[in-house]
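Student: Pasting a predicted model and its sequence here:
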Amino acid sequence: MAEMGPSRTAQRVAAHRVEYARIDGGFGRPANAETLERDVAGDVEIRREGMHRYLEARTTFFDRCVVDAILTGVDQVVVLGAGYDGRSLRYARDGVRFFEVDLAATQHDKLARLKRLGVETSGVTFVPADFARDDVGSMLVAAGLDLRATLFALEGVVAYLDDATLRSLLDGIAAVAAPGSALAVSVGVDRDEADHDAADRAAAFRTAVDGLGEPVRSELAGDGARELLEACGWSPEASDLGGDGQLGLVRARRR
Ligand SMILES: C[S@@+](CC[C@H](N)C(=O)[O-])C[C@H]1O[C@@H](n2cnc3c(N)ncnc32)[C@H](O)[C@@H]1O
């Protein structure tokens with residue numbers, strides 16, 4: 001990927017997310033997460049339409065995955081393509097380590113904001129990496145990831161990776177995912193060819209993110225997503241977490 005500035009798609013997600021009710025884990029520093037999210041949201045204007053509702057369901061799904069993992073004893077959470085996601089603060093807990101991975105420009109901007117805002121980040125390890133070039137699994141281990149059950153989260157990132165990059169990322173994290181590990185991932189949804197509204201929405205999304213300098217590089221959905229996850233060692237499981245397949249929200253177990 002060409003060098004670019006802090007991710008504008010990630011800033012936009014933060015601007016939407018600041019408006020949602022969030023799952024309360026009964027632990028963590030949600031006020032710190034909100035301080036960050038509000039700073040990032042700034043004066044970014046959003047429309048409260050279909051994308052806003054989709055991102056709300058997606059946010060709830062990932063919140064649930066993180067909280068459930070921590071409450072069931074998982075003590076490592078890896079947030080891949082973290083952008084301005086504040087879950088490492090919102091769901092901070094003694095004994096739980098979060099790893100955040102993103103391109104350096106976005107991560108540096110996030111760290112600068114956190115410093116300016118006086119938000120402490122103990123419990124979070126920041127790993128700058130480019131999924132298109134770097135061996136993320138090895139970098140995580142070098143950064144302190146232990147080979148024990150871990151939750152990996154890949155939210156709103158897949159579309160920005162080409163097929164080869166996505167495959168090597170899924171393989172790479174599987175290589176360091178001990179038994180009991182899980183992956184929460186958002187993918188696309190299969191579109192009915194006859195659904196012109198859905199086609200228009202997809203085209204509008206492509207145009208919008210292209211305009212932000214972060215073009216869509218792949219369109220993984222449905223059976224294709226299931227097959228790729230299986231091929232990379234991840235078994236998708238049925239979910240009652242509100243990610244009803246229709247939304248392309250998937251939780252998978254390391255085989
Ligand atoms: C739409 S944002 C989602 C951010 C975050 N997951 C969230 O839901 O708030 C996509 C993120 O993927 C990151 N990203 C895109 N391509 C990447 C790459 N090749 N390597 C690492 N991160 C990448 C971007 O920097 C950005 O933070």
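Tutor: Now that the structure is in, tell me what you want to look at.

Student: secondary structure class for the residue nearest to G25 when sequence neighbours are not counted?
Tutor: Distance criterion CB to CB, 6 or more residues apart in numbering; nearest residue to G25, sequence neighbours excluded, is V67 at 4.2 Å. For glycine as for every other residue, the C-beta is placed from the backbone atoms N, C-alpha and C. V67 carries the three-state label helix when classified by DSSP: H, G, I helix; E, B strand; the rest coil.

Student: Strands of the chain, start to end?
Tutor: 76-80, 97-102, 124-128, 151-154, 182-186, 234-237, 249-254 (DSSP state E).

Student: out of the ones you listed, nearest to the ligand?
Tutor: With CB to the nearest ligand atom, the closest approach to the ligand among the strands of the chain belongs to strand 97-102: 4.7 Å.

Student: Now tabulate the strands of the chain in JSON lines and tack on mean pLDDT.
Tutor: Listed next are the strands of the chain as JSON lines, based on pLDDT from 0 to 100:
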{"stretch": "strand 76-80", "mean pLDDT": "98"}
{"stretch": "strand 97-102", "mean pLDDT": "98"}
{"stretch": "strand 124-128", "mean pLDDT": "98"}
{"stretch": "strand 151-154", "mean pLDDT": "98"}
{"stretch": "strand 182-186", "mean pLDDT": "96"}
{"stretch": "strand 234-237", "mean pLDDT": "92"}
{"stretch": "strand 249-254", "mean pLDDT": "94"}
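
Student: Put together a markdown table for those strands, with distance to A164 and mean neighbour count on each row.
Tutor: Below are the strands of the chain laid out as a markdown table (distance: least, CB to CB, whole Å; neighbours: other CB atoms under 10 Å):
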| stretch | distance to A164 | mean neighbour count |
| --- | --- | --- |
| strand 76-80 | 16 | 25 |
| strand 97-102 | 18 | 24 |
| strand 124-128 | 21 | 18 |
| strand 151-154 | 16 | 26 |
| strand 182-186 | 17 | 25 |
| strand 234-237 | 17 | 17 |
| strand 249-254 | 20 | 22 |
